[in-house]
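>>> Sequence first, predicted coordinates after that:
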Amino acid sequence: MICLGIEGTAHTFSIGIIKDKEILANAKDVYKPRHGFGIHPAEATAHHKEVSEKVLEEALATADITLSDISLLSYSAGPGLPPCLKVTAEFAQQLAEKTKKPLIAVNHCIAHIEIARLLTKAKDPIII
């Protein structure tokens, strides 16, 4: 099974591809504010829209697969900045419609825990 996951909760738009328990790709593009510090939600949202196709192409090329090889799609549904979450969900929904693959909304915090379990083989990565 190959899962393509889309993350866009705040400053980074990324796409990871995993097959069974092997990470095939982790492509990303980080938003940097034009002025000052911190995240400007409207700018971050525009950034995510602008780079989404490029990041997708990079992830697929790194994994050496096509969209037709994907078994299912997932995306970070929150918590995060609402405008960023919206553009991420819309991109994921468009891909699901295009590929006719299942789409799963994922809690961003739980995803961090689960990837830690996968990478470290920890039984409980929160308290280790």
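That came in fine, so what should we check first?

>>> so what does the helix or strand of the chain with the lowest mean pLDDT touch, helix or strand wise?
Every helix and strand in the chain was compared by mean pLDDT, DSSP states H and E; the lowest is helix 108-120, with a mean of 84. The helices and strands touching helix 108-120, judged by 3 or more CB pairs under 8 Å, 6 or more residues apart in numbering; DSSP states H and E, are strand 2-7, strand 72-78. C-beta coordinates here come from the backbone N, C-alpha and C atoms, glycine included.

>>> Assign I104 to helix, strand or coil.
The three-state label given to I104 by DSSP: H, G, I helix; E, B strand; the rest coil is strand.

>>> Spatially, which residue comes closest to it, not counting chain neighbours?
Distances taken as CB to CB, 6 or more residues apart in numbering place S74 nearest to I104, at 4.4 Å, with adjacent residues excluded.

>>> how near is the closest residue to D64 other than its chain neighbours to L67?
Of all residues not flanking D64 in the chain, L24 sits nearest, at 7.7 Å (CB to CB, 6+ apart). Using CB to CB, to the nearest Å, we find L24 at a distance of 13 Å from L67.
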